[in-house]
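>>> need a structure here:
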Amino acid sequence: MRLGLARRAAIDQALKLKAGYAPALIVLARLNASDGNLDDAITLLDGVLKAEPANEQAGILRADMLLQGRKDAEGA
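All right, here's what the predicted structure looks like:
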């Protein structure tokens, strides 16, 4: 659990320095998903994709979460 808190603190710091920083938001989405907060994770990825529609990493991760987490093939 401690490592998760350290990761979140590092992400928070990165986002304070550069709001909307896509790599930090993607890591945060992964952490949220691993904590069972799939809706929050997908919301974060939606924000990344709105700002950066060509962000392949966010798009692939979002599709994977929809397919594996929600079993939503149509949404993916």
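>>> for Gln57, what are its contacts?
Contact partners of Gln57, counting by CB atoms under 8 Å, 6 or more residues apart in numbering, are Ile26. Any C-beta I mention is one placed from the backbone N, CA and C, and that applies to glycine too.
>>> Now it: phi and psi?
Main-chain torsions, Gln57, degrees, to the nearest 10: phi -60, psi -50.
>>> now Pro53
According to degrees, to the nearest 10, Pro53 has phi -60, psi -20.
>>> Neighbours of it, how many?
Neighbourhood size, Pro53 [other CB atoms under 10 Å]: 9.
>>> again with Asn32
Asn32 has 20 neighbouring residues, counting by other CB under 10 Å.
>>> what does the model give it for pLDDT?
Asn32 carries a pLDDT value of 93.
>>> What of Gln68?
With respect to pLDDT, Gln68 has a value of 86.
>>> begin at 4 from here
Noted, 4 is the first residue going forward, which turns the last one into Gln71.
>>> any idea how far Val51 is from Asp43?
Per CB to CB, to the nearest Å, Val51 is found 13 Å from Asp43.
>>> More neighbours: which of those two?
Neighbour count, other CB under 10 Å: between Val51 and Asp43, Val51 has more, with 24 against 15.
>>> State the distance from the more buried one to Ala36.
Val51 sits 14 Å away from Ala36, going by CB to CB.
>>> and what of Thr46?
According to CB to CB, Thr46 and Ala36 sit 11 Å apart.
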